[in-house]
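*Asks:* no FASTA, just this:
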């Protein structure tokens, strides 16, 4: 199910991702201990659109988790400490 781009971006920022604007909006995860991770993703600069399922799956893979966990991360059931456990298992932190 597609998700509103603003909601996805807000969810990422609320879970420890930092925004680096450029030709896209780049999101890089910074761990609770302040270290940058290899988990990163991006969104387009356009406004007022949804991110489709295929792009959500790609963003999840870039962030080192499954699509279901990515949606949980964005929607808040998956908290930062649990996300960091998944990143460590995936070798991205």
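*Replies:* Great, that's in hand. Please read these numbers as outputs of a predicted model, since none were measured by experiment.
*Asks:* quick one, what contacts residue 40?
*Replies:* Residue 40 makes contact with 26-29, 62-63, according to C-beta atoms under 8 Å, 6 or more residues apart in numbering. Heads up, the C-betas are built off the backbone N, CA and C, glycines and all.
*Asks:* so what's it bridging to?
*Replies:* Legend: beta-bridge partners of residue 40 under DSSP bridges are residue 28.
*Asks:* and it, what pLDDT?
*Replies:* You'll see residue 40 listed with a pLDDT of 96.
*Asks:* And the strands in the protein, which stretches?
*Replies:* Secondary structure of the chain (DSSP state E): strands at 3-4, 17-21, 25-30, 36-43, 50-51.
*Asks:* thinking again about what came up before, now, of the contacts of residue 40, which are buried?
*Replies:* Buried by 16 or more other C-beta atoms under 10 Å: 27-29, 62-63, out of the contacts of residue 40.
*Asks:* what's around the closest residue to residue 79 other than its chain neighbours, how many residues?
*Replies:* Leaving aside its chain neighbours, residue 79 sits nearest to residue 15 (7.9 Å; criterion: C-beta to C-beta, 6 or more residues apart in numbering). When counting by other C-beta atoms under 10 Å, one arrives at 17 neighbours for residue 15.
*Asks:* Residue 15 reaches residue 75, doesn't it?
*Replies:* No. If you go by C-beta atoms under 8 Å, residue 15 and residue 75 don't touch, sitting 10.3 Å apart.
*Asks:* Just the pLDDT at the residue nearest to residue 79, thanks.
*Replies:* 96.
*Asks:* Name the residue closest to the centre of this protein, please.
*Replies:* Centroid check for the chain by C-alpha atoms, centre = their mean gives residue 12 as the closest residue, at 4.9 Å.
*Asks:* thought that residue was touching residue 39?
*Replies:* No. If you go by C-beta under 8 Å, residue 12 and residue 39 don't touch, sitting 10.0 Å apart.
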